[in-house]
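Peer 1: My questions concern the predicted model and sequence given below.
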Amino acid sequence: GQQVMQIPQYQHVQEGEDFTTYCNSSTTLSNIQWYKQRPGGHPVFLIQLVKSGEVKKQKRLTFQFGEAKKNSSLHITATQTTDVGTYFCAGYNYGQNFVFGPGTRLSVLP
Amino acid sequence: GAGVSQSPSNKVTEKGKDVELRCDPISGHTALYWYRQSLGQGLEFLIYFQGNSAPDKSGLPSDRFSAERTGGSVSTLTIQRTQQEDSAVYLCASSLARGSVSNQPQHFGDGTRLSIL
């Protein structure tokens, strides 16, 4: 079945440093969604990418969908303590179900 | 407050007992999902409801797990004869109808933290 992997599993950065998490699917996707889960909280939707090679920005966050629609990345510029949490990607293929990656846990040291 | 509501927030029970978890989705959301999240892990898909269609039960780990959705709204997840490995946070999410290429955001509840003694 479809598998979604994320790297790294953990990332510790100093406040102000950049951060990137990578998501890789074993199969081509129809779309991919990204979620953020704060410690003790529930996942919150960030964005959806649909088109091959798509790039979307939300303030300091940049999301990319690979040309082959099998991988994606989330890049945060100049991290802040409010960025702390676990970032999940969720891959979707039509007729199947969302498959969530294991997540990347981000710690930001002030 | 029109978010996804789950109850109870915490449930502690003895091994072998049955438990019932409830999810009240956002009004108008026809899609409803159940996930399981073990400590420090990702989300494991359990079951998906879409309107009045037959649910996709492909993620249920064993026949001890079942779920229903009455009237296309409230859903209950039942675990019979609980085992210690069932301990986890059970998350419910709802969304507008799922598409073929593009999808709607999933809105998650706060989850039920289930502990089996």
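Peer 2: That came through, no problem.
Peer 1: Point me to the residue of chain A nearest chain B.
Peer 2: Nearest residue of chain A to chain B (C-beta to the nearest C-beta) works out as residue A:45 at 3.7 Å. C-betas here are computed from N, CA, C, even on glycine.
Peer 1: Return the residues in contact with the residue of chain B found nearest chain A.
Peer 2: Among the residues of chain B, residue B:105 lies nearest to chain A; the distance is 3.7 Å by C-beta to the nearest C-beta. Counting by C-beta atoms under 8 Å, 6 or more residues apart in numbering or on different chains, residue B:105 touches A:33, A:45, A:48, B:95.
Peer 1: helix, strand or coil for the closest residue to the third one other than its chain neighbours?
Peer 2: Put plainly, it is residue A:48. Distances taken as C-beta to C-beta, 6 or more residues apart in numbering or on different chains place residue A:33 nearest to residue A:48, at 4.8 Å, with adjacent residues excluded. Recorded secondary structure, residue A:33: strand (DSSP: H, G, I helix; E, B strand; the rest coil).
Peer 1: picking that back up, of the contacts of residue B:105, which is the nearest to residue B:5?
Peer 2: Of all those, residue B:5 sits closest to residue B:95, with 15.3 Å by C-beta to C-beta.
Peer 1: and that closest one, what pLDDT?
Peer 2: Residue B:95 is assigned 93 on the pLDDT scale.
Peer 1: can you check residue B:100 too?
Peer 2: 68.
Peer 1: likewise residue B:5?
Peer 2: 97.
Peer 1: Let me know how buried the closest residue to it other than its chain neighbours is, in neighbour terms.
Peer 2: Of all residues not flanking residue B:5 in the chain, residue B:24 sits nearest, at 4.2 Å (C-beta to C-beta, 6+ apart). Number of residues near residue B:24 (other C-beta atoms under 10 Å in any protein chain shown) recorded here: 17.
Peer 1: what's the pLDDT at residue B:24?
Peer 2: Residue-level pLDDT assigned to residue B:24 equals 96.
Peer 1: ditto for residue A:50
Peer 2: In this model, residue A:50 carries a pLDDT of 95.
Peer 1: for residue B:18, same thing?
Peer 2: On pLDDT, residue B:18 comes in at 98.
Peer 1: how about it, what does it touch?
Peer 2: So residue B:18 contacts B:78-82 (C-beta under 8 Å, 6+ apart).
Peer 1: End to end on stretch A:43-63, go ahead and measure it.
Peer 2: 17 Å (C-alpha to C-alpha, to the nearest Å).
Peer 1: List the buried residues in it.
Peer 2: For stretch A:43-63, the neighbour count (16 or more other C-beta atoms under 10 Å in any protein chain shown) marks A:43, A:45-50, A:54, A:56, A:61, A:63 as buried.
Peer 1: cool, and stretch B:43-60?
Peer 2: B:43-50, B:55-56, B:59-60.
Peer 1: Same list, those residues, but as TSV with distance to residue A:39 please.
Peer 2: Formatted as TSV, the buried residues of stretch B:43-60 follow (distance: C-beta to C-beta, whole Å):
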residue	distance to residue A:39
B:43	16
B:44	20
B:45	23
B:46	23
B:47	27
B:48	27
B:49	29
B:50	32
B:55	32
B:56	31
B:59	26
B:60	28
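Peer 1: Kind regards, and thank you for your time.
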